[in-house]
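# Have a look at this fold, sequence not included:
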């Protein structure tokens, strides 16, 4: 484009006196068009300008080098054919054309892979990350994985993710890397000021270095700086979904202490866009699971209500299982899964004949064999949704015993596979 502009201007200057008006207007339109095209490409980042310029330089240098070799070839051949200058020209022209056609693409690709390795690595990583992001509905796995990728690829000292909860006045750091636990616990963000309020209204990223020089931050820069300081951040990018703000990614300084460049920002905003879609899908999936579980629980309670001796049993098992899990020091997510597993452990009894379930006397062996099918029936019911494995294990194995005399698979504590801990917890709560 620059060459076209310069050439057009040069042509106009040389021929101004002799040129007619229409020809002059044509050249002017070419110049204006080139200027507009360059402005649009740079203003709206339609191309990665720095990378594009470097690549073009490499292409020209590579071609110039090959042409140089061709010229040297002509001089060498001229010494062998001093009186037949057209012979070396024809030979070199043919050889150069053939070699350019064969070797130039491979040579340029080789050079680009070496000089643009970081850019290519980022693009490949984004491709793989995009595939992984769309394959999981577990934000407790998804978000730490994304932080790990960002910290290691862009080489950042600190990073944090704050999920926005519209029904709460304050939000906290949900996931972090490079920030000590004490600082993380103290980092509380109000939705009525600071960057949460800013992103709800504006939705554009914040760069700390711009806060005091950009007029649009004049009334809020102190609150924004304070929020960034809570997590040692210098850059904040929002996760903005269809229904508004979902969360915020806060990043600290780069380990090299070099400022974030356009390539870094493009990489980070692309990851944030991918993460936003994944979070929206995760929240939607969680809502579906919640509705599904509520429906199932309603059926369980309906079955229990028919027998005064079992009324409230599943709810009690869930509560006791929760208490046991907390006493064992399991993680909050594990405790929640085991509690749900306690509520649902007998869901398979929906598929058992009511005459057997409500029989007042001792069961026959045939009736007992029918009862023993309820763990498998429960698993089949829950296979309709992607529940955590702890919940599935609770339903499937809560009648197993550590000595192997349980059902449906006679698992033991030291067998292969071993009896899952969640099943033992539910079994104890169920027996009690």
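Okay, I see it. Everything numeric in this text was worked out from a predicted model, so none of it was measured.

# how much space between residue 328 and residue 401?
Residue 328 sits 19 Å away from residue 401, taking Cβ to Cβ, to the nearest Å as the criterion. All C-beta spots, glycine's among them, are computed from the backbone N, C-alpha and C.

# The two: which is more packed in?
residue 401 (17 against 12; other Cβ atoms under 10 Å).

# Give me the phi and psi for that one.
Residue 401 adopts backbone torsions of phi -130, psi 150, taken as degrees, to the nearest 10.

# where does the closest residue in space to it that isn't next to it in sequence land on pLDDT?
Once flanking residues are discounted, residue 401 sits nearest to residue 427: 7.2 Å by Cβ to Cβ, 6 or more residues apart in numbering. Residue 427 carries a pLDDT value of 93.

# Show the contacting residues for residue 427.
398, 399, 400, 401, 406 (Cβ atoms under 8 Å, 6 or more residues apart in numbering).

# cool, and residue 191?
Counted by Cβ under 8 Å, 6+ apart, residue 191 has contacts 164, 166, 168, 169, 170, 171, 197, 200.

# where's the dip in pLDDT among those?
Ranked by pLDDT, those bottom out at residue 166 (81).

# Name all residues that make contact with the residue nearest to residue 346 when sequence neighbours are not counted.
Using Cβ to Cβ, 6+ apart and skipping the chain neighbours, the partner closest in space to residue 346 is residue 314 (5.8 Å). By Cβ under 8 Å, 6+ apart, the contact set of residue 314 is 297, 300, 301, 304, 342, 343, 344, 345, 346.

# What separation do you get for the residue nearest to residue 157 when sequence neighbours are not counted and residue 159?
Distance criterion Cβ to Cβ, 6+ apart; nearest residue to residue 157, sequence neighbours excluded, is residue 252 at 4.5 Å. Applying Cβ to Cβ, the value for residue 252 to residue 159 is 7 Å.

# coming back round to it: just the buried ones from the contacts of residue 191?
Burial by neighbour count, 16 or more other Cβ atoms under 10 Å: within the contacts of residue 191 this picks out 164, 171, 197, 200.

# ok, longest helix in this protein?
helix 262-305 (DSSP state H).

# Let me see the mean pLDDT of that helix.
So the average pLDDT for helix 262-305 ends up being 81.

# moving C-terminal of it, what's the next helix or strand?
helix 313-327 (DSSP states H and E).

# residue ranges with poor pLDDT in the protein?
Scanning the chain for pLDDT under 70 picks out 1-31, 34, 38, 41-136, 303-304, 306-310, 415-416.

# same thing but at 80, please
Low-confidence segments of the chain (pLDDT under 80): 1-141, 263, 289, 292-293, 295-311, 383-387, 412-417.

# What segments of it are strands?
159-163, 170-172, 175-177, 188-190, 206-207, 235-241, 244-251 (DSSP state E).

# Which residues belonging to the last one are considered buried?
Of the residues in strand 244-251, 245, 246, 247, 248, 249, 250, 251 count as buried by neighbour count, 16+ other Cβ under 10 Å.

# which residues touch the nearest residue to the second one once chain neighbours are set aside?
To tie it back to what came earlier, the one meant is residue 246. Excluding its sequence neighbours, the residue lying closest to residue 246 (Cβ to Cβ, 6+ apart) is residue 239, at 4.2 Å. Each residue near residue 239 by Cβ under 8 Å, 6+ apart is listed here: 245, 246, 247, 248, 249, 272, 275, 276, 279.
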